[in-house]
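Asks: Any chance you could fold what I've pasted below:
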Amino acid sequence: MQFEKENVSRKLIHELKYRNREKIGKILAEWTTERLDFRNQKPDLLVTVPLHPRKLKERGYNQLHWFAETLSEFYAIPFDHDVMKRNHYSKAQALKDKQNRLKTESTFSMTKNISGKHILLIDDVFTTGNTLASIAWEILKSGDNKVSVLVMAIDE
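Replies: Residues are numbered from 1 along each chain as shown. As a prediction, the model looks like this:
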């Protein structure tokens, strides 16, 4: 989906992310299963971008969990929401100015040793790619892993 101002995808993701409408994650995952075929590249593990514990407490949920869990059930791929941890509390990428969007060093770290796995990294909106790149780098440097990425929408 394109994540543009005043379109349906932005409204859906904002409802999911900020208005406690977690079921939208399940609906988006069901739409995704109609379009996503892993063929011979099926991942070994689904991993979601983590929220900082403070943000998780404020929001009460991670908007990516129902999405990932629905995909996990459909494709019979395990998920682990605790593989990565966010080291610093910060505002969303979309709310940062362009200069501060580039600062992601040491933002994430691995909480578990994972090696030799194909990991599907899941995020809601691809804005700059910095969040996903930072997490992917941590996964890749921790072992002989492969990373694929799935996002709900792209912000251009």
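
Asks: in the protein, which spans are helices?
Replies: Using DSSP state H, the helices found in the chain span residues 8-18, 23-33, 53-59, 65-75, 98-101, 130-141.

Asks: Kindly reformat those as JSON lines containing mean pLDDT.
Replies: Shown next, in JSON lines, are these (pLDDT from 0 to 100):
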{"stretch": "helix 8-18", "mean pLDDT": "80"}
{"stretch": "helix 23-33", "mean pLDDT": "89"}
{"stretch": "helix 53-59", "mean pLDDT": "90"}
{"stretch": "helix 65-75", "mean pLDDT": "95"}
{"stretch": "helix 98-101", "mean pLDDT": "56"}
{"stretch": "helix 130-141", "mean pLDDT": "94"}
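
Asks: Determine which of those helices approaches D123 most closely.
Replies: Each of those has some distance to D123 by Cβ to Cβ; the shortest is helix 130-141, at 5.9 Å. For every residue, glycine as well, the C-beta is placed using N, CA and C.

Asks: Now do the closest one: which elements does it pack against?
Replies: Under the contact definition 3 or more Cβ pairs under 8 Å, 6 or more residues apart in numbering; DSSP states H and E, helix 130-141 sits against strand 84-86, strand 108-110, strand 118-126, strand 146-154.

Asks: now the angle between strand 118-126 and it, please.
Replies: Interaxial angle of helix 130-141 relative to strand 118-126 (axes from the mean of the first three to the mean of the last three Cα atoms, to 10 degrees): 170 degrees.

Asks: got the buried residues for helix 130-141?
Replies: For helix 130-141, the neighbour count (16 or more other Cβ atoms under 10 Å) marks N130, T131, L132, S134, I135, A136, E138, I139 as buried.

Asks: Make TSV out of the helices and strands packed on helix 130-141 and add mean neighbour count, mean pLDDT and distance to K42.
Replies: Shown next, in TSV, are these (neighbours: other Cβ atoms under 10 Å; pLDDT from 0 to 100; distance: least, Cβ to Cβ, whole Å):
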stretch	mean neighbour count	mean pLDDT	distance to K42
strand 84-86	20	94	21
strand 108-110	17	94	22
strand 118-126	21	94	8
strand 146-154	18	92	10
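
Asks: and R10, which of those is closest to it?
Replies: Of all the helices and strands packed on helix 130-141, strand 146-154 comes closest under Cβ to Cβ, at 7.6 Å.

Asks: picking that back up, between the buried residues of helix 130-141, which sits nearest G116?
Replies: Closest approach between those and G116, by Cβ to Cβ: I139, at 11.7 Å.
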